[in-house]
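here is my input, please return the structure:
(chains A, B and C)
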Amino acid sequence: MNDRHATGIVWLRRDLRLADNPALHAAITQCDRVVLVYVDETGSADDDPWPAGAASRWWLHQSLAALSGHIAARGASLTLRRGAALDVLRELVAESGAGVVHWNRLYEPAAIARDKRIKAALQDDGVEVDSHNGALLVEPWQTLTKTGTPYRVFTPFWRAVRRDLNVPAPLPAPERIDGVDALGTLALDALGLEPELDWDEGLAEVWTPGEAAAMVRAKAFAESPVYDYDDKRDLPAEPGTSRLSPHLHFGEISPRQVWRLVEAHQDPEAEGCRVFLSELGWREFSHYVLYHFPHTTDAPMNEKFAAFPWRSDAESDIRAWQRGRTGIAIVDAGMRELWRTGWMHNRVRMIVASLLVKNIGAHWLHGARWFWDTLVDADLPANTMGWQWSAGTGADAAPYFRIFNPVTQGEKFDGKGGYVRHWVPELAELPDKYLHKPWEAPAPVLEAAGVRLGRDYPAPIVDLKTSRKRALDAFQTLKEAS
DNA sequence: CCTGGAGTTGTCCTA
DNA sequence: TTAGGACAACTCCAG
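The predicted structure is shown next:
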């Protein structure tokens, strides 16, 4: 255990940072020289049911470019390879003479299975393997109820975690990295991560992937009025959320670093801080639940929902939802924000999810897959938990009768219409009173605003009242069946 | 084993 | 206009 080695490999996955990187830190401490490698497994991992989507791959490209620069600035280089990870790691062991491989753990079912396989194979080869926790405040297996079962409800889970939570000071980034020369590497462009069609302009306008930018954003947030977070985070027109999700997903910053930054700049007892830190708790909880209930990526956590009568003929409505053409203003605003920027405000995610699942009646997996492909922060644990929560199929899910009314939600959280007017400019001239429900606007009002319903902007594809009732009835049939 | 309080994010109707 | 209760029961989880 922890023998010294002349050469060690750091297999980077979703820990694309130099600071507070336990695998990197261990390798540098233990070895004279390190190989830093990222392996693109596209096409090699046929058993991964959730391969990264297009927006994620765009982010990954930028993040690898940034990481490559950070590594070069410390005297080493990032090796890029393509293929099955075990094959690549074996090649690198042979080429570099490495005696140990370090990585930071992932928690998705397919990644756990793959890593387990690779660890056993490398150990059979006589190579030491050491995995680390670089992604979570607490490992999923560390927190259990009094009877030793996993928690299914957030509040007691988070209480138990916080009771003995100790968030250590982040590890420093290495000042210098001694690399291994002359290892073959692919050019970043050769990985083909960037889109062939030119749709990524909006992403580049809004986001700067990479460790340096992640830290800038985290510091800016930690120094902002986080004590107001509990109110401000619900207003999609305002910059009240941290927008750290994609940085956290790719490990450009660790939850430990974010936690310590907020603690350093804020009173952690203030309500807004408490709520923000509990959002990091939800990130933990989603990883925790997926670890203990790995089937939930595709199947309802609550089994009785396997028989739920989702609509099978909703294709054109799903398409309208995806394109932001439902005729329901705040939903279309959110879906267009997603398409353009690869991100959507959390409050609006709940609203669009409720419409798809409850009003349109489509299976939540349609939404989960669309988000998976279009979000730059697409994260399997968070995506799974969010959609099961919206659909009411999870263990700690919304009660079935909690069906969002997108008009009420819009008026409550975007009352001045800044968000809708930005993303649905064809409605911008409508007065606040009708902005969220243009179908109720009198003809002269529509005319004055230059809106011809069904031409400039769609008439609503669902009637909110009757579709709500249909959803409630569907739950009724489920109850009678069981 | 039993008991009982509690459970992210709502809506609608009535008084 | 606003406040309060119904909406359903069920399971979780600590004591």
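
give me the three-state assignment for the residue of the stretch 251-400 of chain A at minimum distance from DNA strand C.
Per CB to the nearest atom of the strand, residue A:399 is where the stretch 251-400 of chain A lies closest to DNA strand C, at 3.2 Å. For the C-beta atoms, the positions are set from N, CA and C on the backbone; glycine is no exception. Put simply, residue A:399 is coil when judged by DSSP: H, G, I helix; E, B strand; the rest coil.

residues contacting the closest residue to it other than its chain neighbours?
With sequence-adjacent residues excluded and distances taken as CB to CB, 6 or more residues apart in numbering, residue A:399 is closest to residue A:392, at 7.1 Å. Listed by CB atoms under 8 Å, 6 or more residues apart in numbering, the contact set of residue A:392 reads A:305, A:357, A:398-400, A:402, A:475.

buried sites along stretch A:195-213?
Going by neighbour count (16 or more other CB atoms under 10 Å), the buried part of stretch A:195-213 is A:200, A:203, A:207, A:209-211, A:213.

for those, give me TSV that also has distance to DNA strand B, secondary structure and pLDDT.
Output for the buried residues of stretch A:195-213, formatted as TSV (distance: CB to the nearest atom of the strand, whole Å; DSSP: H, G, I helix; E, B strand; the rest coil; pLDDT from 0 to 100):
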residue	distance to DNA strand B	secondary structure	pLDDT
A:200	28	coil	91
A:203	24	helix	97
A:207	22	coil	98
A:209	24	coil	98
A:210	27	coil	98
A:211	26	helix	98
A:213	25	helix	98
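
columns distance to DNA strand C on top of those, output as JSON lines?
Output for the buried residues of stretch A:195-213, formatted as JSON lines (distance: CB to the nearest atom of the strand, whole Å):
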{"residue": "A:200", "distance to DNA strand C": "41"}
{"residue": "A:203", "distance to DNA strand C": "38"}
{"residue": "A:207", "distance to DNA strand C": "35"}
{"residue": "A:209", "distance to DNA strand C": "35"}
{"residue": "A:210", "distance to DNA strand C": "37"}
{"residue": "A:211", "distance to DNA strand C": "35"}
{"residue": "A:213", "distance to DNA strand C": "37"}
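
what residues are up against residue A:312?
Counting by CB under 8 Å, 6+ apart, residue A:312 touches no other residue.

kindly indicate whether it is helix, strand or coil.
Going by three-state DSSP, the state assigned to residue A:312 is coil.

how far away is it from residue A:373?
From residue A:312 over to residue A:373 the distance is 21 Å, taken as CB to CB, to the nearest Å.

now do residue A:145
36 Å.

before we move on, what about residue A:162?
Taking CB to CB, one finds residue A:162 at 35 Å from residue A:373.

just give me the neighbour total for residue A:32.
12 (other CB atoms under 10 Å).

any idea how far the nearest residue to it once chain neighbours are set aside lies from residue A:34?
Using CB to CB, 6+ apart and skipping the chain neighbours, the partner closest in space to residue A:32 is residue A:6 (5.1 Å). Counting by CB to CB, the gap from residue A:6 to residue A:34 is 10 Å.

which of these two has more neighbours?
The residue with more neighbours, out of residue A:6 and residue A:34 and counting by other CB under 10 Å, is residue A:34; that gives 27 against 13.

elements contacting the helix or strand where that one lies?
Per DSSP states H and E: residue A:34 is located in strand A:31-40. On a contact count with 3 or more CB pairs under 8 Å, 6 or more residues apart in numbering; DSSP states H and E, strand A:31-40 meets strand A:5-12, helix A:22-30, helix A:54-72, strand A:78-82, helix A:85-96.

next, the residue nearest to residue A:53 when sequence neighbours are not counted: secondary structure please.
Spatially, and ignoring its direct neighbours in sequence, residue A:53 is nearest to residue A:373 (3.6 Å; CB to CB, 6+ apart). With three-state DSSP as the basis, the three-state label of residue A:373 is helix.

confirm for me that residue A:207 is in contact with residue A:377.
No: shown here, residue A:207 and residue A:377 do not form a contact pair, counting by CB atoms under 8 Å, at 9.8 Å.

got any residues that touch both of those two?
In contact with both residue A:207 and residue A:377: A:246, A:342-343, using CB under 8 Å, 6+ apart.

from residue A:57, how far out is the closest residue to residue A:192 other than its chain neighbours?
Leaving aside its sequence neighbours, residue A:192 sits nearest to residue A:42 (CB to CB, 6+ apart; 7.7 Å). Going from residue A:42 to residue A:57 by CB to CB gives 8 Å.

looking at the two, which is more packed in?
Using other CB under 10 Å as the criterion, residue A:42 and residue A:57 rank with residue A:57 on top: 20 against 15.

is stretch A:261-281 in proximity to DNA strand C?
No: using CB under 7 Å from any atom of the strand, stretch A:261-281 stays clear of DNA strand C, with a minimum separation of 13.4 Å.

hmm, that stretch in reach of DNA strand B?
Yes: Stretch A:261-281 is in contact with DNA strand B by CB under 7 Å from any atom of the strand, via residue A:279.

residues contacting the residue nearest to residue A:117 when sequence neighbours are not counted?
Leaving out its chain neighbours, the residue that sits closest to residue A:117 by CB to CB, 6+ apart is residue A:86, at 7.1 Å. Neighbouring residues of residue A:86 by CB under 8 Å, 6+ apart: A:117-118, A:121-122.

selection in PyMOL covering whichever of these are buried, please.
Here is the PyMOL command that selects the buried residues among those (16+ other CB under 10 Å):
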select buried, chain A and resi 118+122
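
show me which of the contacts of residue A:86 is closest to residue A:62.
Nearest to residue A:62, judged by CB to CB, of these is residue A:118 at 26.8 Å.

in the helix or strand of chain A with the lowest mean pLDDT, which residues are buried?
Across the helices and strands of chain A, mean pLDDT, DSSP states H and E gives its lowest value to helix A:464-481, namely a mean of 85. Residues of helix A:464-481 classed as buried: A:464, A:467-468, A:470-471, A:474-475, A:478 (neighbour count, 16+ other CB under 10 Å).

export those residues to JSON lines and tack on distance to DNA strand B?
Shown next, in JSON lines, are the buried residues of helix A:464-481 (distance: CB to the nearest atom of the strand, whole Å):
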{"residue": "A:464", "distance to DNA strand B": "7"}
{"residue": "A:467", "distance to DNA strand B": "10"}
{"residue": "A:468", "distance to DNA strand B": "6"}
{"residue": "A:470", "distance to DNA strand B": "13"}
{"residue": "A:471", "distance to DNA strand B": "11"}
{"residue": "A:474", "distance to DNA strand B": "16"}
{"residue": "A:475", "distance to DNA strand B": "12"}
{"residue": "A:478", "distance to DNA strand B": "17"}
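
among those residues, which one lies nearest to residue A:67?
Ranked by distance to residue A:67 (CB to CB), the buried residues of helix A:464-481 are led by residue A:471 at 45.2 Å.

need the contact list for that closest one.
A:358-359, A:361, A:403.

how about residue A:305?
A:391-393, A:478.

now, which of these lie within helices?
Secondary structure from DSSP state H places A:391, A:478 of the contacts of residue A:305 in helices.

mind picking the two most distant members of the contacts of residue A:305?
Among the contacts of residue A:305, the pair separated by the greatest distance (CB to CB) is A:391 and A:478, at 12.1 Å.

quick one on the thing from earlier: top of the contacts of residue A:471 by neighbour count?
Neighbour-wise, the contacts of residue A:471 (other CB under 10 Å) top out at residue A:359, 28 neighbours.
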